[in-house]
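Trainee: The amino acid sequence is not available; the structure is as follows:
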C-alpha cells in the first residue's frame, strides 16, 4: 500500500488542505500546533473511521458544521480512494454515512457502511485497524514503548502480536476440556443404560417375540373382521332396502292422509259453492226486480213527456235545454205583460187628466171638445185592448209555468232514476260474472273430487302390499351381524393397542439400547479424545518455547538487518541480540554487551527504530503474507538533540531504508527534514494551516 494524497476539509486547523506523497522518504515539517499530526490522524480516520480514543469533536474544526477527508492510495498497481465525512447534529458530532465511499479506479467498491469498507480494505491491503496502529503508524512517544516495557510485559505483548499467546490460551482452555472429558467418562462408566445393557437386550428380544405373536393374532382378527363386516353390510343393505320401503310406505300413508284431507276440503268447498251459487241467483233476481221497477218508473216519466207534447226519448240534457228555453219565454212574456200594464196605467192617467180639464196631457194645450172626445175614445179602446192582451199573456204565462214545472219534475226524476238503473245493471253484470266463476269452480271441484278419490284408491292398494314381519326379521339379522362385527372389532382394537404398546416398548428399548451403544461409542471416543487432548496440551506446552525461539531468531535477524541498513557504515557497527523475553542486548565494536538502559539516546532511538522495523516486517509477513511497505512516523526525534548530530544520523538512517517503499514522517526538526526526498511544509496563519511542497 502506498499513499498518493490526502485531502482535509475542516479537519482540526485545516480548512482545505491537500498533501501529496511520493515513494521513499516523505517529511511533514512545521512548528508545534501547525497541523502536522492532524494529517496522520486524518489518514487513520479515512482508513478506519475511528477518532483513536478521542471523540469526533477532536477532528472537526471549531465552528465548522461538517468536515471531510479524501485518501487516495495504490495497491498492486490499482488506485483506490476512500472518502469519509463528519457532521454536527445538535450537540453531537458523528460520521456522515452518506459521504462514506471506497472506489477502485473510479468504480464504487463499498459505501454507506463502515463494516463493508473495512472488510474491502482488509481484503485489498491485508491491514486492519489494530495492525495499522500497532505496526504501520508509530505515534508520538511510542517509538521506544516496547523497549521501555519489562521483559515479562514485552514477552506477553509480542507473544500476542506473533500469535504465540494462542498456544498458552489453547493449553489453558484444553485443561477445562480435559476435565470435562474425564467427568463425562466417569459418568458413562456409571450410566444405568450401560450397566444394564444385557438386561435391556433380553427384554427387547422378549418384546419383539410378543410383538410378532400379536401381529399374527391381528392378521386372524382382520380376516374375521372382513367376514363379519361383509355379513353386516349385506344385512344392513337388506334392512336399508326394507327401511326405504317402509319410508316409502309411510310417505304413501302421509299422502293418503293428505288426499283424504284434500277430498274433505274439496267436498266442503263444493257445498259452500252450491250455497253461494244459490244465494247469487236469489240476489240477482232481487236486483232484476228493482231494475224492472226503476225502468217502469222511467217509462212513466217518458209517457208524461209524451202526453205533454214532447218527445219521450229526450235525454236529461235535452230536457234541461228545453227548460232553459221555457224560462226565456217566461221572462219575455213577463216583460210584455209588464209593458202592457204600464201602457194601460199611462192611458188611465191621461183619461183622468182629460176628464178633469181640456188640456193635452203631453203638451198642456187646450183641446177642443171634439178632439177631446175622440182622444178619450181612443184611450179607452187602448185600455180595452190592453186588458185583453194582459188576459191572453197571463193565460200563456200560466201554461208555460205549468209546462216548466212538469218538465223540471220529470227531468229531476229521470236524473235520479237513470244512475240507479245503470248501477243496478253494473251490479247485475258483476254478480253474473261472479256466478259464472263460482259455477266454473263448482264444476272443477266436482272433477277434482272424482280424481282425488281415484288416486286415493290406487294409493291404498299400493300401501296394502308392505309386510312389517320382513322388516323385523331383517332388523334382527342386522343387529346380530353388528354384535359379531363389534366383538371382532373390539378384539382387533385391543390387539392393535397391544401391538402399539409393544411397538412403543420396543422403540423405547431400541432407543435405550441405541443410547447405550452410542454412550459406549461416546465413552470410547472420549477415552481417545482424552489421549489426544492430553497429547495436544503437552504439545502446546512444548511448542510455544520452540516457536518463540524461532520468532526470536527471525526477529534478531530482522532487527540486525534493519540496524545495518540504518547505520549503513556511517557510524560504529552495532550487533543486536534478543533473548527469550524478546529483550534486546547490543554489542559494540569493542565486544561488550550492553542493555538498553545503558545505551545513549541516539543508540536507543536507532535500536527502537530497528526493533520496530524488524518486528513490523515479521508480523506483516506472518499476518498478511508480505513485508512492511509503508511506515508513518510521528515525531521520531522526540528524545534527540541537534547538538550531538543524532537527529541528522536518524534522518540519514531513515533515508537509507530501501526495504520500505514509503515513509511519511512528521517532525518539527528542520535538520531531520533536510534528509527527506519529499518535503511538505506546514504553516499556520490566523488559525488556519496550509501545506506547501518544497521538494
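Mentor: Great, that's in hand. This is a predicted model, so every value here is computed, not measured. Numbers count the residues shown, from 1 in each chain.

Trainee: Can you name the next helix or strand after the longest strand along the chain?
Mentor: As assigned by DSSP state E, the longest strand anywhere in the chain is strand 78-89. Note on strand 78-89: by DSSP states H and E, the next helix or strand toward the C-terminus is strand 92-95.

Trainee: Against which helices or strands is that following strand packed?
Mentor: strand 78-89 (3 or more CB pairs under 8 Å, 6 or more residues apart in numbering; DSSP states H and E). The C-beta positions use only the backbone N, C-alpha and C, and glycine is treated the same way.

Trainee: Okay, buried residues for the strand it packs on please.
Mentor: 80, 81, 82, 83, 84, 85, 86, 87, 88 (16 or more other CB atoms under 10 Å).

Trainee: Now do the contacts for residue 665.
Mentor: 25, 26, 27, 28, 632, 633, 634, 636, 654, 672, 676 (CB atoms under 8 Å, 6 or more residues apart in numbering).

Trainee: Got the phi and psi for it?
Mentor: Residue 665 adopts backbone torsions of phi -120, psi 140, taken as degrees, to the nearest 10.

Trainee: Residue 690: which element?
Mentor: strand 688-693.

Trainee: So for that strand, mean pLDDT?
Mentor: Averaged across strand 688-693, the pLDDT comes to 92.

Trainee: same for that strand, what does it pack against?
Mentor: strand 14-20, strand 678-685.

Trainee: Pull out the buried residues from that strand.
Mentor: Buried-residue list, strand 688-693, by 16+ other CB under 10 Å: 689, 690, 691.

Trainee: give me phi/psi at residue 91?
Mentor: Main-chain dihedrals, residue 91, degrees, to the nearest 10: phi -90, psi -10.

Trainee: Let me fix that, I meant to ask about residue 21.
Mentor: Dihedral angles (degrees, to the nearest 10) for residue 21: phi -120, psi 160.

Trainee: And residue 289, by the same measure?
Mentor: Residue torsions, per degrees, to the nearest 10, at residue 289 are phi -60, psi -40.

Trainee: measure it to residue 420 for me?
Mentor: 13 Å (CB to CB, to the nearest Å).

Trainee: now do residue 147
Mentor: For residue 147, the distance to residue 420 equals 148 Å [CB to CB].

Trainee: who has more neighbours, those two?
Mentor: residue 147 (18 against 15; other CB atoms under 10 Å).

Trainee: my read: the more buried one touches residue 607, true?
Mentor: Yes. Contact criterion CB atoms under 8 Å: residue 147 and residue 607 qualify, at 6.9 Å.

Trainee: Now do the shared contacts for these two.
Mentor: 584, 596.

Trainee: now the strands for the stretch 51-200 of the chain?
Mentor: Taking DSSP state E, counting those that start in this stretch, the strands of the stretch 51-200 of the chain run over residues 66-75, 78-89, 92-95, 101-104, 107-111, 137-138.

Trainee: Least confident of these, on average?
Mentor: Among the strands of the stretch 51-200 of the chain, strand 137-138 scores lowest, with a mean of 87.

Trainee: what residues does that strand touch?
Mentor: By CB under 8 Å, 6+ apart, strand 137-138 touches 40, 44, 612, 631, 632, 633, 634, 636.

Trainee: Pretty sure residue 448 sits against residue 266.
Mentor: Yes. If you go by CB under 8 Å, residue 448 and residue 266 touch, sitting 5.5 Å apart.

Trainee: more crowded one of these two?
Mentor: residue 266 (20 against 16).

Trainee: got a list of what the more buried one touches?
Mentor: Counting by CB under 8 Å, 6+ apart, residue 266 has contacts 445, 448, 449, 452.

Trainee: next one: residue 37
Mentor: Counted by CB under 8 Å, 6+ apart, residue 37 has contacts 140, 634, 635, 666.

Trainee: what about it, helix or strand, and which?
Mentor: Per DSSP H and E: helix 36-48 holds residue 37.

Trainee: That helix versus strand 78-89: what angle between them?
Mentor: 100 degrees (axes from the mean of the first three to the mean of the last three CA atoms, to 10 degrees).

Trainee: quick check: mean pLDDT across helix 36-48?
Mentor: Across helix 36-48, pLDDT averages out at 93.

Trainee: do the same with stretch 287-298
Mentor: Here the average pLDDT along stretch 287-298 is 84.

Trainee: go on, stretch 500-516?
Mentor: Averaged across stretch 500-516, pLDDT comes to 86.

Trainee: next one: it to chain centre, how far?
Mentor: Taking CA atoms, centre = their mean, to the nearest Å, one finds stretch 500-516 lying 49 Å from the centre of the chain it belongs to.

Trainee: And stretch 480-490, by the same measure?
Mentor: For stretch 480-490, the distance to the chain centre is 56 Å (CA atoms, centre = their mean).

Trainee: and that stretch, which residues are buried?
Mentor: Using 16+ other CB under 10 Å as the test for burial, stretch 480-490 gives 481, 482, 484, 485, 488, 489.

Trainee: And the contacts of it?
Mentor: For stretch 480-490, the external contacting residues (CB under 8 Å, 6+ apart) are 221, 224, 225, 228, 229, 231, 232, 234, 235, 236.

Trainee: Just the buried residues out of these, in PyMOL syntax.
Mentor: Of the contacts of stretch 480-490, the buried ones go into a single PyMOL selection, burial set by 16+ other CB under 10 Å:
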select buried, resi 221+224+225+228+231+232+235+236
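
Trainee: For the stretch 351-500 of the chain, which segments count as helices?
Mentor: Taking DSSP state H, counting those that start in this stretch, the helices of the stretch 351-500 of the chain run over residues 369-463, 468-567.

Trainee: Format these as a markdown table; extra columns: distance to residue 298.
Mentor: Formatted as a markdown table, the helices of the stretch 351-500 of the chain follow (distance: least, CB to CB, whole Å):
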| stretch | distance to residue 298 |
| --- | --- |
| helix 369-463 | 5 |
| helix 468-567 | 78 |
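
Trainee: Which of those helices sits closest to residue 623?
Mentor: Judged by CB to CB, the one of those that comes nearest to residue 623 is helix 468-567, at 12.9 Å.

Trainee: Adjacent strands (with direction) for the helix or strand following that closest one?
Mentor: Counting by DSSP H and E, the next helix or strand C-terminal to helix 468-567 is strand 575-578. If you go by DSSP bridges, strand 575-578 pairs up with strand 584-587 (antiparallel).

Trainee: residues in contact with the partner strand?
Mentor: Contacts of strand 584-587 (CB under 8 Å, 6+ apart): 147, 559, 574-579, 593-596, 599, 603, 607, 611.

Trainee: Are any of the residues you listed buried, and if so which?
Mentor: Using 16+ other CB under 10 Å, the buried ones in these are 147, 559, 574, 576, 578, 596, 599, 603, 607, 611.

Trainee: what's the most distant pair in these?
Mentor: 578 and 603 (16.1 Å).

Trainee: what about the closest residue to residue 88 other than its chain neighbours, distance to residue 100?
Mentor: Leaving aside its chain neighbours, residue 88 sits nearest to residue 65 (5.1 Å; criterion: CB to CB, 6 or more residues apart in numbering). Taking CB to CB as the measure, residue 65 falls 18 Å from residue 100.

Trainee: So for the two, which sits in the more crowded spot?
Mentor: Taking neighbours as other CB under 10 Å, residue 65 and residue 100 compare with residue 100 leading, 20 against 12.

Trainee: Now, the contacts of stretch 480-490 that are in helices?
Mentor: Among these, the members falling in helices (DSSP state H) are 221, 224, 225, 228, 229, 231, 232, 234, 235, 236.
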